[in-house]
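Engineer: Could you work out the structure for the sequence below:
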Amino acid sequence: MRYLWFMIKVLFVCEHNSIRSKIAEAFANYFGEGRVEAHSAGLKPKREANPKMILMMREIGIKIKNARTRGVQEFKDHHFDYIITLGNVEVTDITHQHSINWPIPNIRFTKPMEFRKSRNQIGLKVREWIESI
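Structural biologist: Numbering: from 1, shown residues only. Purely as a prediction, here's the structure:
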């Protein structure tokens, strides 16, 4: 990763903010090593993060610090360098410089091995994105 003299602010968005965007946020804060400030939100947030996701992240040593889900409207007065959507969602009312879409399907009802595969795919995409900025 190139050295950054400023913090890159990113918002990861999926439909419910209970799995995919939470995973991406956790990986970005972990891999970003203090150079990335990551947040996550959903278009229609669930009441809480998916417990399976929390366990699957813990098994690789990453703790989910904030299991509370958030809606995109909570960030309407923020400015982000990047908004990265996961799945088929679109964010139009939040100020940002760059938009990226990762077409990662919802994994809520998948078996543990498929869940882990998607978790690892999100982690790889986050790491590659951080290395590219």
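Engineer: Return the per-residue confidence for the nearest residue in space to residue 101 that is not next to it in sequence.
Structural biologist: In space, and not counting its chain neighbours, residue 101 is closest to residue 85: 4.8 Å by Cβ to Cβ, 6 or more residues apart in numbering. C-beta here means a position set from N, CA and C on the backbone, and glycine is covered the same way. Per-residue confidence (pLDDT) for residue 85: 97.
Engineer: For the lengthiest helix in the chain, enumerate the helices and strands it packs against.
Structural biologist: For the chain, the helix with the greatest residue count under DSSP state H is helix 112-132. Judged by 3 or more Cβ pairs under 8 Å, 6 or more residues apart in numbering; DSSP states H and E, helix 112-132 is in contact with helix 20-31, helix 51-58, strand 95-102.
Engineer: Please repeat the previous calculation with a cut-off of 6 Å.
Structural biologist: helix 20-31 (3 or more Cβ pairs under 6 Å, 6 or more residues apart in numbering; DSSP states H and E).
Engineer: average pLDDT for the helix it packs on?
Structural biologist: For helix 20-31, mean pLDDT is 97.
Engineer: Specify the angle between it and strand 95-102 in degrees.
Structural biologist: Angle of helix 20-31 versus strand 95-102, following axes from the mean of the first three to the mean of the last three Cα atoms, to 10 degrees, is 110 degrees.
Engineer: Dump the C-alpha coordinates for the helix or strand that helix 20-31 is followed by into CSV.
Structural biologist: Counting by DSSP states H and E, the element after helix 20-31 in chain order, helix or strand, is strand 36-42. Only the C-alpha atoms of strand 36-42 are listed here, as CSV (Å, rounded to 0.1, in the frame of the first residue of the first chain):
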residue,chain,number,x,y,z
VAL,A,36,-9.0,3.9,6.0
GLU,A,37,-12.1,5.0,8.0
ALA,A,38,-14.8,2.5,7.0
HIS,A,39,-18.5,2.6,7.8
SER,A,40,-21.4,0.5,6.6
ALA,A,41,-25.1,0.9,6.0
GLY,A,42,-28.1,-0.7,4.4
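Engineer: Relative to the whole chain's centre, how far out is strand 36-42?
Structural biologist: Here strand 36-42 is found 6 Å from its chain centre; the criterion is Cα atoms, centre = their mean, to the nearest Å.
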